[in-house]
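1. Give the three-dimensional model of this entry:
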Amino acid sequence: MSQQTTGLLLMAYGTPHGPDSIDSFYTHIRHGQRPSDALLQELRNRYQAIGGTSPLAHITKAQADALATRLNARHADQRFKLYIGLKHAEPFIEDAVEAMHHDGITQAVALALAPYDANASVHGYGERAQGAAAWLGGPAITVVSDWCRQGKFVRYWAEQIRTALAVIPEDDLRTTVVIFSAHSLPAAMLGPPDRYPRQLEESARSIAQAAHLKHYATGWQSAGRTADSWLGPDIRELTRDLWSRGGYRTFVYCATGFVADHLEVLYDLDVECRAVVTALGGRYIRPAMPNTAPLFIDCLADAASDALAHQAGVPA
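-> Predicted coordinates for the structure are as follows:
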């Protein structure tokens, strides 16, 4: 049986590859405006606190390799060829599309490694890929969306939460709360139909039901240092409020808006939120991020297979 080659484009935000690229990375995020020296030093200090550099680049490559392997094992009639495209670092999304075009790829599936699909951010990944393909004259790209609704995504987090709760003394469970979070965005970036806030709420509700949670809340993290109004509540303030108003003493942080260990998890949660909980006198718990967990890779493979089947008009 002859195999059709399908491009597999894994898209992600990107990260500095080391201390020397922090300046250029954050300048790109700020559309060419270099951060102040004070802000750059603060960023360097944050990276130093998590070991000097983020593991995100290595994890993204490992996730992409695992997904390609899984898809190739599932689909005997197709060979998936992997490409990685990043939003704010090389190789950029457009670079990956150009490589597919030069390799003679005529069809591809593109998936962003971000569960929630904000019109002003993640949604733009697919638009950039399809825009580059249109300019080049191919390939035809099917963009995966709404994969946070995949059953295995819900199951992954439900299992992690149950594991975390299992080590808490039974008498303490009534004062234990799970906090689901995603990256905050400037409110002005979100139009009235934007699904991003709703997806966090819906996802948290589905996971809470699967994990049989009695107490949970949702919040936003890692807001930028700008004068804009950002989505809230910030999870640090939410933690303090849950302590004082709700009487909670154990806090379980599930960063469901992310898929890997990186600065926003290893620093914003493990350093900043832990410090808030410690200052209050509470217990801090953070379940493992998906990274390359087999169940999570299966989730991505399901999402990619479903999208291709829908595009072809056949059952997945």
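2. pLDDT below threshold where in this structure?
-> Low-confidence segments of the chain, defined by pLDDT under 70: 1-2, 120, 313-316.
3. So for it, the centremost residue is which one?
-> Central residue of the chain (C-alpha atoms, centre = their mean): Phe258, 2.8 Å from the mean position.
4. you'd agree Leu295 is up against Trp157?
-> No - Leu295 is not in contact with Trp157 according to C-beta atoms under 8 Å; the separation is 10.0 Å. All C-beta spots, glycine's among them, are computed from the backbone N, C-alpha and C.
5. Which one's more surrounded, those two?
-> Set side by side, Leu295 and Trp157 show more neighbours around Trp157, with 27 against 14, by other C-beta atoms under 10 Å.
6. Could you say which helix or strand holds the more buried one?
-> Taking DSSP states H and E as the definition, one finds Trp157 inside helix 151-166.
7. Pull out the buried residues from that helix.
-> Neighbour-count burial for helix 151-166, counted by 16 or more other C-beta atoms under 10 Å, picks out Lys152, Phe153, Val154, Arg155, Tyr156, Trp157, Ala158, Glu159, Gln160, Ile161, Ala164, Leu165.
8. do you know how far the third one is from Leu308?
-> Applying C-beta to C-beta, to the nearest Å, one obtains 22 Å for the distance of Val154 from Leu308.
9. ok now do His215, which residues does it touch?
-> His215 sits next to Arg174, Thr176, Val177, Val178, Gly246, Tyr248 when contact means C-beta atoms under 8 Å, 6 or more residues apart in numbering.
10. give the contact list for the first one.
-> This means Arg174. With C-beta under 8 Å, 6+ apart as the criterion, the residues that contact Arg174 are Lys214, His215.
11. contacts for the helix or strand just after the helix holding Trp157?
-> The helix or strand immediately downstream of helix 151-166 is strand 176-183, counting by DSSP H and E. Residues outside strand 176-183 that contact it (C-beta under 8 Å, 6+ apart): 115-116, 161, 165, 168, 196, 200, 203-204, 207-208, 211, 213, 215-222, 235, 238-239, 242, 246, 248-258, 264, 269.
12. Note down every partner strand of strand 176-183 and its orientation.
-> Here strand 176-183 is paired, per DSSP bridges, with strand 216-221 (parallel), strand 250-254 (parallel).
13. All good on my end, thank you.
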